[in-house]
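**Student:** sequence and predicted structure below; questions after.
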Amino acid sequence: MSAIDPGHNYSVQVVDTKGSRLTGVKLLNDQVTAQPIHALVGDYSSRVTLPVALAAAPQKLWHCGVSSSTDFNSKADFPLFYRTNADDLQGGRVLAQVVRSMGWRSANLIAVADPYGQSLTESFMAAAKSLGIEVYTAQQYAPGTTSFAPFLDTVAASGSKVTLIMGFPGDARLIFREAKARNMLTAEWAWLGPAAQTMYLDSFSADVDKDNAYGFLYVLPRQAVTPKLQWLQSTYLTAFPNATADILSGYTIMYFDCLLSLAYGFQNLTAKYGDAAVLAKSYAANLTEFLVPFDGASGPVSYDQYGTRLANWNVVNIVNRRAVVTHEVFLSNNTFVQLAAPRFAGGSATIPLDRPPLVRAYPQWEDGGVQALAAVRALLISLQIAGMVLLFAYRTERRVRQLSLPFLLMIGTGCVLVLASEYFLVGVPTPFHCFASPILLAFGFQMVMASAAAKTYRIYRIFDNRVGVAISKAVLKSHILIRNVGAVLFAQAVLFLIWIGGFPSCVTLVQTRTLLYYACTSSSVAGYWFVLGLSFALNAVLLGVVVVLAYKTRDVDSSFRETSWILYTAQNVLLCAVVVVPLSVIPLDTLAMPAYYVRAVVLIYAVMFAYYALVGRLVVTILSERRANGGTDLASALVTEIGASSQNGTTIFGPVSKRGGKRTSSVAALAAMSVGALPATTSVSGGTSTAVVGAATTMPGATPTELSGRFPVLRRGSGLGLLGAIMQTWHAHQVYANLRSGYLVLVPPADLATASRKPGVAVSLGSVAFDAAPAGVPLGCIEIVHRTSGHAWVVQLGGAEEVGVWAAALKPVVAATLGSSSDGRSQSRSQSRSQSRQHGGQARGGSLGTGSSPGPAVPVTSASTGSASRGAGVGLKPVSEDS
């Protein structure tokens, strides 16, 4: 100072505020009282400097500090304060520039809640916003905080790996200790700090604390090697030969420049106002008159209008317990110059990512799971199309006609559309994809549900006619019901046209802190939800109608148990909708991909169930029957089985041959017998008179020789396979037993279409056993079991009395009897009458439902006990879906 201003003597008094605001103010007052004071230097902390500067201003003390808070830029409060350090306005900008230049676009802040931390945070936030840097978390801690666990937990969960500590070295040390315990001091993390951290290495002696700071980056006003710095270092080492010159950096030489600035200032004032005026403080100089630019120990010193030093900056990297300058930052032109490669934790030279790569939260074709789901859908679509082709090929099959081929095809097509809609959710969407997926899904759903509603409505109208009102056939015609289905689809199409035309959607790229995905955004949110709400309401009503009608007709013995399966399907769809709908309309961000997979799997399950329940069961049945018959056409000749051989190798059916260890016979003789010539009802011949019992006739006092009738027959026993056993159901057959010749024939009725005729079976009575009370079937049945092969046929007769007739006639000629009762007496007349009342209104030997042959038949005796003709008896004529 004397070298700068040789005409004056300067005396410097050093006191320690101990980081206390109260102590700082008290020491100032004590010094002013004890002796004349003309200037003040310090403190280091803005928190302490603020009250001291406020107390110094009335004393007309020129105040040079190194505190960087932007509060000191208020000249109304601090008219005589200036600093040889840059302020936080510059420091925050530099930190933001460093973050941006490293390629980082996100960061977390942990700032001390004092003027220093607050002004740094405000400056950084403003600069970060202009540079496109997103601050994920900004947390403040009170001065003196000793535990930073909650702050670090928040940082760890934020998604950004870059954290700025806007505080002091003591705070950073504690943060690093706790971060290490959380494995946050690895090469994947970056830690930065302001100029105050330049004192970190000098503040602690423990090597562990210095090692924890490996890779720590902080910024500092640029300091050059100047003649004044060299003089200072030489003088210092002369006075302290055992010390090192490293301590003469950072804030140390800023304080030294403060002393030099005072010398330049007082020299300027005394030259202008004189020594006496300066000593008496009787001058009116302002800060601009006092400050003089000069070359200091840290480099050129110049000031802005607030008395704040204008500086360029260095980026300093702590590596191996040493401070290494890696970059220079020039705020005047926003230049970022690298001097050395920065190192991060563990010595890594790779700049860590500020956040993991954004997770693409939408399905892509490259994903293995998406490919697997696409393959499953493609397989199911292929099988469903093949099934529809098969049904069309067998459209003359009676059961296909009974289940109504047009509705079967619409249900199959709807299932295909639902599966196809999922393909439009994969990859980067276009506006077309935004519309295609929901449109296909809605139309597919409606084709399935509306068709099911039409089928159940037809059955409901037929079997809920309690008052005997005549039913108009026109209402139940398939083309009328198909037109109603079309009306539902038309209503949905109108809603979609309103959506597309009035509220079109566009594709929006959405980026969160961790995710990237695309969203279809409507031009009108209110309009979109209005159309969506109406669409949901329409489909909810449709599903409700199906559930109600299917429930009301659940006990109707319809073809192939169709009403029961429609009810199961509706219930299943309702449960699946509870999962699918929320996952389709609610954005889930981080759970977007799990939601996609759950939705896709549930949707596939729902489609599989619906297709199998309403269409696939019929397809499987047709295929299994073809396989059982060697792939021959269903109109092929009867396949006959004879378990017993005759001595000459022939039977009434022709020559017997051996094949696969089983005796079979030519069907020529049996085929020559017209099936239509067999009696249509159960009868017993050979007597002189006939009496009617239910649907059977007997001859009192005579031994029956023939029994015949048309009855539902269920195939079971061995030879079916697992799938065949599950899919077996009742079929109408002509059953003929010739007791004199010793054979039994079961053959489909002659009135079935030629293309739908299935093979019949003939067995020797000497090779079979029968059970007059078989388990697992309705009352009024008798089971015929072929003992050699294990094949069995359950014949559903007209009641317990008719079972008794058959049991009494078969018992003398069969090989054995099964069950607890071989004569049918255990099936009492009261049971038969109860059964008759429960199922009243159906023809004896028939089945109640939409078709007469394929459904699971339950015997229903006529409500009338009058005489019966040789026909099927008095009752409700079976009605098919095409009637």
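**Tutor:** Thanks, I have it.
**Student:** surely residue 500 is in contact with residue 435?
**Tutor:** Yes - counting by Cβ atoms under 8 Å, residue 500 touches residue 435, with 6.0 Å between them. For the C-beta atoms, the positions are set from N, CA and C on the backbone; glycine is no exception.
**Student:** quick one: the residue with the largest distance to the centre of the chain from residue 60, how far?
**Tutor:** Within the chain, the residue lying farthest from the chain centre (Cα atoms, centre = their mean) is residue 276, at 84.3 Å. As judged by Cβ to Cβ, to the nearest Å, residue 276 and residue 60 stand 15 Å apart.
**Student:** pull stretch 176-187 out as PDB, backbone CA atoms only.
**Tutor:** Written as PDB, here are the backbone C-alpha positions of stretch 176-187 (Å, rounded to 0.1, in the frame of the first residue of the first chain):
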ATOM      1  CA  PHE A 176     -20.200 -35.800   0.300                       C
ATOM      2  CA  ARG A 177     -20.000 -38.000   3.400                       C
ATOM      3  CA  GLU A 178     -23.700 -38.900   3.200                       C
ATOM      4  CA  ALA A 179     -23.700 -39.100  -0.600                       C
ATOM      5  CA  LYS A 180     -20.900 -41.700  -0.400                       C
ATOM      6  CA  ALA A 181     -23.100 -43.800   1.900                       C
ATOM      7  CA  ARG A 182     -25.800 -43.700  -0.800                       C
ATOM      8  CA  ASN A 183     -23.400 -44.700  -3.600                       C
ATOM      9  CA  MET A 184     -23.800 -41.200  -5.100                       C
ATOM     10  CA  LEU A 185     -20.100 -40.500  -5.400                       C
ATOM     11  CA  THR A 186     -19.500 -42.600  -8.500                       C
ATOM     12  CA  ALA A 187     -18.600 -41.800 -12.100                       C
END
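**Student:** determine the longest strand present in this protein.
**Tutor:** strand 706-717 (DSSP state E).
**Student:** which strands or helices does that one pack on?
**Tutor:** strand 730-738, strand 791-796, helix 800-810 (3 or more Cβ pairs under 8 Å, 6 or more residues apart in numbering; DSSP states H and E).
**Student:** nearest to residue 586, out of those?
**Tutor:** strand 730-738 (47.5 Å; Cβ to Cβ).
**Student:** quick one: name whatever helix or strand follows the closest one.
**Tutor:** strand 743-747 (DSSP states H and E).
**Student:** want to try CSV for the helices and strands packed on strand 706-717, with mean neighbour count as columns?
**Tutor:** Output for those, formatted as CSV (neighbours: other Cβ atoms under 10 Å):
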stretch, mean neighbour count
strand 730-738, 23
strand 791-796, 24
helix 800-810, 23
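**Student:** what's the closest of these to residue 43?
**Tutor:** So among those, strand 730-738 is nearest, using Cβ to Cβ, at 100.7 Å.
**Student:** what packs against the closest one?
**Tutor:** Right, strand 730-738 is packed against strand 706-717, strand 743-747, strand 791-796, helix 800-810 by 3+ Cβ pairs under 8 Å, 6+ apart.
**Student:** next helix or strand past the last one?
**Tutor:** Put plainly, it is helix 800-810. Next in sequence after helix 800-810, counting helices and strands by DSSP H and E, comes strand 816-818.
**Student:** include mean pLDDT when you put the helices and strands packed on strand 730-738 into TSV, please.
**Tutor:** Below are these laid out as TSV (pLDDT from 0 to 100):
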stretch	mean pLDDT
strand 706-717	85
strand 743-747	85
strand 791-796	89
helix 800-810	86
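**Student:** need those in CSV (columns: distance to residue 733).
**Tutor:** As requested, these are exported to CSV (distance: least, Cβ to Cβ, whole Å):
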stretch, distance to residue 733
strand 706-717, 4
strand 743-747, 5
strand 791-796, 8
helix 800-810, 14
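**Student:** which of these sits closest to residue 258?
**Tutor:** Of all the helices and strands packed on strand 730-738, strand 706-717 comes closest under Cβ to Cβ, at 106.0 Å.
**Student:** now that closest one: buried residues?
**Tutor:** 706-717 (16 or more other Cβ atoms under 10 Å).
**Student:** next: stretch 172-188.
**Tutor:** So for stretch 172-188, counting by 16+ other Cβ under 10 Å, buried means 172-176, 178-179, 184-185, 187-188.
**Student:** contacts for stretch 718-728?
**Tutor:** Outside stretch 718-728, the residues that touch it by Cβ atoms under 8 Å, 6 or more residues apart in numbering are 617, 620-621, 624, 628, 714-716, 789-791.
**Student:** ditto for stretch 75-83
**Tutor:** With Cβ under 8 Å, 6+ apart as the criterion, stretch 75-83 contacts 53-54, 56-57, 60-68, 71-72, 258, 261, 286-287, 290-291, 303, 306-309.
**Student:** ends of that stretch, what's the gap?
**Tutor:** The first and last residues of stretch 75-83 sit 13 Å apart, counting by Cα to Cα, to the nearest Å.
**Student:** can you check stretch 314-334 too?
**Tutor:** 13 Å.
**Student:** nearest the middle, which residue of the chain would you pick?
**Tutor:** Nearest to the chain centroid, counting by Cα atoms, centre = their mean: residue 595, 0.6 Å.
**Student:** do a quick rundown of the strands in the stretch 301-450 of the chain.
**Tutor:** Using DSSP state E, counting those that start in this stretch, the strands of the stretch 301-450 of the chain run over 313-319, 322-330, 335-338, 359-360.
**Student:** which of those sits most buried?
**Tutor:** When those are scored by mean count of other Cβ atoms under 10 Å, the highest mean neighbour count falls to strand 313-319 (a mean of 23).
**Student:** distance from that strand to the middle of the chain?
**Tutor:** With Cα atoms, centre = their mean, to the nearest Å as the basis, strand 313-319 stands 46 Å off its chain's centre.
**Student:** do stretch 394-411 as well
**Tutor:** On the basis of Cα atoms, centre = their mean, stretch 394-411 sits 37 Å off its chain's mean C-alpha point.
**Student:** now that stretch: buried residues?
**Tutor:** Neighbour count says stretch 394-411 has 394, 397-411 buried, by 16+ other Cβ under 10 Å.
**Student:** and residue 203, what is it in contact with?
**Tutor:** Applying Cβ under 8 Å, 6+ apart, the residues near residue 203 are 169-170, 173.
**Student:** any chance of these in JSON lines, with distance to residue 745 too?
**Tutor:** Below are these laid out as JSON lines (distance: Cβ to Cβ, whole Å):
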{"residue": "169", "distance to residue 745": "105"}
{"residue": "170", "distance to residue 745": "104"}
{"residue": "173", "distance to residue 745": "100"}
